[in-house]
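Trainee: just to be clear, the model below is a prediction. Sequence and coordinates:
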Amino acid sequence: MNPAKPNAAPRLTSRALAAVAAFLVLAGAGLWIVMTPSRSGTALIGGPFQLQTADGKTITDADLKGHPFLVYFGYTHCPDVCPATLAQISDVLQRLPDKPIRALFVTVDPERDTPALMADYVSSFDSRIVGLSGTPDEVAKVEKAYRVYARKAPTKDGDYSMDHSSIVYLMDARGAFVEAFNLDRTPEASAKELAGYL
Ligand code: NI
């Protein structure tokens, strides 16, 4: 205990509690958004979008129809969660060799993440992971369609990081949302579930 600062411990505790509470609210809101079905029984996630690949081509939701796909939002400057998640997705895909399933990695940071940078970034993962960017407008539209939370967080060095939700969306062959895909298990178990949608 530091007698000069009698409130130090309680203050820290309440700050920690506030952080935990904020996290729970965010996590709860995210879950609510993902789990709440619409009246038709299909969650209102996904829909039309248009993004850019590294070779200057446009990719739309229509190009993906016919096979299931995963969608994950993040950014190349992400220090931990994005690369870890992409590595997990890669591990799962490698257990489904030659299967026509793709995983889209869509940037939430179109200012820095060009289509070329996205493609370069995903090149160290399974080749069926597609890095996508677009104009800020195109990215905003796809974020809205997938109910993605993303916000700039300034860093001390004058730069910024992105706070963002981290959900892997499983979409079926018609492009309809199936579920928030569970990677918190063995890659074999995840691959087995994915195979059921092929
Ligand atoms: Ni990230």
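Mentor: Cool, the structure landed.
Trainee: I'd like to know which helix or strand in the chain has the lowest mean pLDDT.
Mentor: The helix or strand of the chain with the poorest confidence is helix 8-35; it has a mean of 55 (mean pLDDT, DSSP states H and E).
Trainee: could you check how far the helix or strand that that one is followed by is from the centre of its chain?
Mentor: For helix 8-35, the succeeding helix or strand toward the C-terminus, using DSSP states H and E, is strand 50-52. Between the centre of strand 50-52 and the centre of its chain there are 16 Å (C-alpha atoms, centre = their mean, to the nearest Å).
Trainee: just checking, next helix/strand downstream of strand 50-52?
Mentor: Next helix or strand after strand 50-52 toward the C-terminus (DSSP H and E): strand 58-60.
Trainee: could you pull up the mean pLDDT of that next one?
Mentor: Strand 58-60 shows a mean pLDDT of 96 in the predicted model.
Trainee: which helices and strands does it pack with?
Mentor: Packing partners of strand 58-60 (3 or more C-beta pairs under 8 Å, 6 or more residues apart in numbering; DSSP states H and E): strand 50-52. (Glycine included, C-beta is placed from N, CA and C.)
Trainee: only the buried residues of stretch 167-181, if you could.
Mentor: The neighbour-count check on stretch 167-181 (16 or more other C-beta atoms under 10 Å) flags Ile167, Val168, Tyr169, Leu170, Met171, Gly175, Phe177, Val178, Glu179, Ala180, Phe181 as buried.
Trainee: that one: end-to-end distance?
Mentor: With C-alpha to C-alpha, to the nearest Å applied, stretch 167-181 spans 8 Å between its terminal residues.
Trainee: alright, calling it a day.
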